[in-house]
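**Student:** I need the structure of the sequence given here:
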Amino acid sequence: MAPKKTNTDADPSKVSPLNLAARRQYMESFFRQLPITKDVIEQARTKAIELQSKHLAGRGLSDVNVVYFEYHVDVTVWRLIMNLLMITKSNPWPWKVSIDENNLSDGTSPIFREWCRSHRSSAEAQGSASGTSQSPAQPQPPQHQAPVASAAPQPSVASGTPQPPVQQTSSKTAAPAASVARIAGLGEELSKLTVKSSPKATPKEPVEEKASPEAVTVPQPPVDATLAAKREVAQTLFDGEMKRQGQKCLLPGIQQSRWATSDGQQPLPYITSFDPQVQIRGDYGARNHEDIEEPRLPSLALREKIWQSVCKGMPWLSGPLCGPFELALPAWLDFHDLVCQDFERIQAEKLLDEDIVIAWRVSGKRPVSLVIGPNPAEIHSHEDIRFWIQVRNNWWRVAWWLSSAYWGSSIRLVEHLREVRDLACEGQLIDVPASMTRLFEAWGDIMSDPLLARNKASWNRNNMEMWVPQIHAILAQPRNTVGSLLDEWVFRDMPNANIRAQGVRDAWSRVAPVDAISWHQNAMLKLRSMLQQ
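**Tutor:** Sure, this is the predicted structure:
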């Protein structure tokens with residue numbers, strides 16, 4: 001669970017904020033308690049260097065105080081990670097100091113100077129290529145990214161009683177009002193910088209590109225600055241993992257999986273691109289305050305009759321069951337994203353059997369349950385046993401999805417129903433006893449501690465936003481290496497291996513559910529074997 005207020009081993013008031021080693025030792029200790037890996041921290045630092053350099057260069061600076069630069073890179077790293085985990089308000093940057101960026105007596109930042117030189121060379125190369133018709137265009141040098149190792153030492157983690165970080169004011173220097181305001185608002189400033197630097201994150205950009213007429217005429221909702229920042233970080237994570245996995249594919253230890261072709265041809269990757277605007281969503285439950293209207297519900301009398309005929313021995317008022325073929329929804333479930341998003345595609349793609357609908361009961365303009373049953377707009381026979389079995393089977397499909405949604409799965413209802421259809425085409429059926437057991441266990445956790453259950457679901461969404469870019473980078477590798485690469489990625493973080501494997505299954509099943517489930521079953525067997533050793 002991602003705690004509201006994160007404790008750490010050190011008291012920030014006892015840390016000199018201008019001491020690079022002490023400051024980063026505190027940050028390292030703090031980050032170790034969060035559900036993130038070292039890879040995420042490294043990617044955040046690389047992104048922070050880029051954002052801070054762009055900000056300073058935009059002010060016309062080419063040299064800055066080295067202490068100033070490293071300090072504000074650390075501030076940016078902190079903001080990016082806290083924002084990614086949605087715990088910014090409860091865990092602000094713990095210090096306020098004032099540093100003169102123009103005071104070069106302590107030395108200038110070599111990282112920022114190299115960044116400026118690299119980008120200046122790139123701009124000159126572009127100008128030369130476009131302005132000189134007599135000479136061939138010169139290749140543009142790759143964009144420089146300062147190595148993380150040079151900017152971040154690897155301190156040991158202090159031990160002791162965890163104490164929450166509190167915001168402190170350095171006694172060494174009195175921060176002018178403008179500097180204090182700038183530091184306090186850096187998270188918002190970075191979001192604006194990120195939106196400006198990312199064409200994909202700017203709602204006006206698709207109109208300027210070669211968009212279809214529909215994309216031009218349909219008004220686009222404004223992109224939230226926080227969401228834009230998340231998408232920018234996701235793209236950075238994807239790019240970094242692509243580079244890392246591309247190098248691993250060349251190693252002799254990577255085994256070929258059962259998806260390798262026998263005729264020697266290279267199979268196509270599962271995916272060929274990553275779109276953060278599709279994969280990265282808003283905050284969990286961000287639209288839960290919006291009113292929901294209740295649709296027409298399937299007949300209660302008919303549902304009772306069907307239940308008594310095909311669900312004998314199972315009371316419909318137990319655990320998450322709040323009526324015949326009716327499943328309870330916790331108040332915090334991200335209903336708009338998980339259920340409403342693309343809901344119309346369920347009927348358009350015929351993902352349910354004919355004349356069966358999914359509706360929801362509403363209380364106080366909030367959804368409280370899902371109801372599966374005969375379409376109330378149609379007349380149905382009360383003696384058609386085959387139709388009754390279809391109602392039960394469709395209810396099982398929704399119950400299977402909800403058992404994962406209770407735990408915080410990011411799979412939408414429409415995506416799950418597509419997966420069930422594809423699995424049925426491959427002859428794979430729902431494991432009803434296992435899914436119902438999981439459903440009741442998850443509901444029991446919700447009832448015993450609703451706040452903890454909500455936080456777990458939100459934590460899983462945050463994890464997926466960090467993990468999906470990395471998983472997609474692996475799925476973009478040759479198919480015959482994907483299984484081994486995913487094994488390595490999952491077991492890279494053993495404390496979270498179980499949920500990382502579930503994240504792989506969720507992401508992979510959107511494009512290849514049969515392969516995803518087969519891999520997940522094998523991964524769980526490997527994990528159990530490793531834990532028993």
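
**Student:** Geometrically speaking, which residue is the centre of this protein?
**Tutor:** residue 465 (0.9 Å; CA atoms, centre = their mean).

**Student:** element containing that one, please.
**Tutor:** helix 450-475 (DSSP states H and E).

**Student:** wait, isn't the residue nearest to the centre of the chain in contact with residue 282?
**Tutor:** No - counting by CB atoms under 8 Å, residue 282 is not a contact partner of residue 465; they are 10.2 Å apart. Where C-beta positions appear, they are placed from N, C-alpha and C, glycine not excepted.

**Student:** if we can go back for a sec, who does the helix holding residue 465 touch, helix- and strand-wise?
**Tutor:** Under the contact criterion of 3 or more CB pairs under 8 Å, 6 or more residues apart in numbering; DSSP states H and E, helix 450-475 touches helix 66-84, helix 225-248, helix 276-279, helix 385-407, helix 432-448, helix 479-491, helix 497-509.

**Student:** how about a cut-off of 6 Å?
**Tutor:** Under the contact criterion of 3 or more CB pairs under 6 Å, 6 or more residues apart in numbering; DSSP states H and E, helix 450-475 touches helix 225-248, helix 497-509.

**Student:** Not counting the helix or strand following the shortest one itself, show me its contacts.
**Tutor:** Translated: helix 497-509. Along the chain past helix 497-509, the next helix or strand (assigned with DSSP H and E) turns out to be helix 513-532. Outside helix 513-532, the residues that touch it by CB atoms under 6 Å, 6 or more residues apart in numbering are 419, 422-423, 426, 483, 497, 501, 505, 508-509.

**Student:** Now tabulate those in a markdown table and tack on pLDDT.
**Tutor:** Listed next are those as a markdown table, based on pLDDT from 0 to 100:
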| residue | pLDDT |
| --- | --- |
| 419 | 91 |
| 422 | 89 |
| 423 | 88 |
| 426 | 84 |
| 483 | 93 |
| 497 | 89 |
| 501 | 92 |
| 505 | 92 |
| 508 | 93 |
| 509 | 90 |
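
**Student:** Tell me the buried residues within the residues you listed.
**Tutor:** Applying a neighbour-count criterion of 16 or more other CB atoms under 10 Å, the buried members of the contacts of helix 513-532 are 419, 423, 483, 497, 501, 505, 508-509.

**Student:** Most widely separated two among the residues you listed?
**Tutor:** Taking CB to CB, the two most distant members of the buried ones among the contacts of helix 513-532 are 423 and 497; they sit 24.4 Å apart.

**Student:** which of the helices and strands packed on helix 450-475 is buried the deepest?
**Tutor:** Mean neighbour counts were compared across the helices and strands packed on helix 450-475 using mean count of other CB atoms under 10 Å; the top stretch is helix 497-509, at a mean of 22.

**Student:** Centre of the chain to that helix, how far?
**Tutor:** Averaging C-alpha positions (CA atoms, centre = their mean, to the nearest Å) puts helix 497-509 12 Å from its chain's average.

**Student:** ok, now stretch 353-373?
**Tutor:** Shown here is stretch 353-373, whose average C-alpha point lies 28 Å from the average C-alpha point of the whole chain (CA atoms, centre = their mean).

**Student:** and stretch 281-294, which residues are buried?
**Tutor:** Neighbour count says stretch 281-294 has 281-286, 288, 292 buried, by 16+ other CB under 10 Å.

**Student:** Hmm, residue 85 and residue 462 touching each other?
**Tutor:** Yes - proximity of residue 462 to residue 85 meets the contact threshold set by CB atoms under 6 Å, at 5.2 Å.

**Student:** Is the residue nearest to residue 86 when sequence neighbours are not counted part of a helix or strand, or is it coil?
**Tutor:** Distances taken as CB to CB, 6 or more residues apart in numbering place residue 283 nearest to residue 86, at 5.8 Å, with adjacent residues excluded. For residue 283, the assignment made with DSSP: H, G, I helix; E, B strand; the rest coil gives coil.

**Student:** Okay, residue 283 and residue 413: tell me how far apart.
**Tutor:** 19 Å (CB to CB, to the nearest Å).

**Student:** Equivalent analysis for residue 429, please.
**Tutor:** Residue 429 sits at a distance of 19 Å from residue 413 (criterion: CB to CB).

**Student:** Between the two, point out the one with more neighbours.
**Tutor:** Remark: of residue 429 and residue 413, residue 413 carries more neighbours, 24 against 10, as counted by other CB atoms under 10 Å.

**Student:** Please name the nearest non-neighbouring residue to that one.
**Tutor:** The shortest distance from residue 413 to any residue other than its chain neighbours is 5.2 Å, reached at residue 339 (CB to CB, 6+ apart).

**Student:** Counting neighbours, what do you get for the one you found?
**Tutor:** 24.

**Student:** Thanks a lot, see you next time.
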